[in-house]
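**Student:** quick one, structure for this:
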Amino acid sequence: MFVARRMKKNIVTVTPSISLFEAQGRMREHAVRQIPVVSEDGTLLGIVSDRDIRTAVLPAGLVPGFTAGEAEKSMKSTPVERVMTRKVVTATITDTLEDAIVLLHDFRVNALPVVDGAGKVAGIITRTDVLEAFIDTLGVGEVSSRLEVVVPDRPGALAQLAAIIGSFHVNITSVLSIRHVEAEKRANFLRIATLNIGPIRKAIEDAGFEILDPARFLLP
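**Tutor:** Numbers count the residues shown, from 1 in each chain. Modelled structure (predicted):
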């Protein structure tokens, strides 16, 4: 799945000369916590967050006698370019969702501006967008049942498992395969479009596959 499919395309942006007060107002109006800062032609220059604004105002707020009115005046006279982050971690429109997850995790950011080949902002993708995409991919919310099955890490093992499920004339709505704790095995997490999972579970076990029990991971 590509970032371009899950990113928000109609995004709020600001120019470097806009004040912190105006930027904060736009964040509140559109219920966002960060806004890309762009040039007149849409080229990404930086990003400003609600935290950046709070950090900029906080030192003055510690001065005795500093009032809310003075804080507002300070925000109105301070341009975004003075506090924005200039070295922005970005995604591109050709990146995959997996690429975005790695960037969000490794750089500990909450959002990634998405740029095109010319460096212009095409959208933005947040941690929430990625989480929603993951939920959709797993088929959570659909009428279905979940199975966790351990299979040998060899060609054809997953196909054999799918054939058993297919013999019950039900669809597999999602599959996630990861390395198992035991060598040369993989754990497959399947969501199956039926609530009558008992007969399928038995057929899988009769074929020699191990179905994972969550209680097993509680053992020392």
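
**Student:** below-threshold pLDDT in this structure: ranges please.
**Tutor:** 59-68, 214-220 (pLDDT under 70).

**Student:** any idea how it splits into domains?
**Tutor:** 3-135, 141-218 (automatic domain parsing).

**Student:** and the strands in the chain?
**Tutor:** Along the chain, counting by DSSP state E, strands occupy 34-38, 44-49, 91-92, 111-115, 121-126, 145-152, 172-179, 185-192, 210-211.

**Student:** the last one: partners in the sheet, and parallel or antiparallel?
**Tutor:** Strands that pair with strand 210-211, judged by DSSP bridges, come out as strand 145-152 (antiparallel).

**Student:** give me the residue at the spatial middle of this protein.
**Tutor:** Against the mean C-alpha coordinate of the chain, by Cα atoms, centre = their mean, the closest residue is residue 130 at 2.2 Å.

**Student:** how far away is that one from residue 155?
**Tutor:** Using Cβ to Cβ, to the nearest Å, residue 130 is found at 31 Å from residue 155. For the C-beta atoms, the positions are set from N, CA and C on the backbone; glycine is no exception.

**Student:** ditto for residue 185
**Tutor:** 14 Å.

**Student:** so for these two, which sits in the more crowded spot?
**Tutor:** residue 185 (15 against 7; other Cβ atoms under 10 Å).

**Student:** so what's the more buried one bridging to?
**Tutor:** Counting by DSSP bridges, residue 185 forms beta bridges with residue 152.

**Student:** what would the strands of the chain look like in CSV with distance to residue 200?
**Tutor:** What follows is the strands of the chain, written out as CSV (distance: least, Cβ to Cβ, whole Å):
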stretch, distance to residue 200
strand 34-38, 45
strand 44-49, 48
strand 91-92, 39
strand 111-115, 40
strand 121-126, 36
strand 145-152, 8
strand 172-179, 11
strand 185-192, 7
strand 210-211, 10
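
**Student:** wait, which of those is closest to residue 163?
**Tutor:** Minimum separation from residue 163 across those (Cβ to Cβ) falls at strand 172-179, 10.9 Å.

**Student:** residue 110: what's its closest spatial neighbour, skipping adjacent residues?
**Tutor:** Leaving aside its chain neighbours, residue 110 sits nearest to residue 127 (5.5 Å; criterion: Cβ to Cβ, 6 or more residues apart in numbering).

**Student:** ok, the residue lying closest to residue 52 once chain neighbours are set aside - contacts?
**Tutor:** Residue nearest to residue 52 in three dimensions, not counting chain neighbours: residue 83, with 4.8 Å by Cβ to Cβ, 6+ apart. For residue 83, the contact set (Cβ atoms under 8 Å, 6 or more residues apart in numbering) comprises 20, 48, 52, 53, 55, 56.
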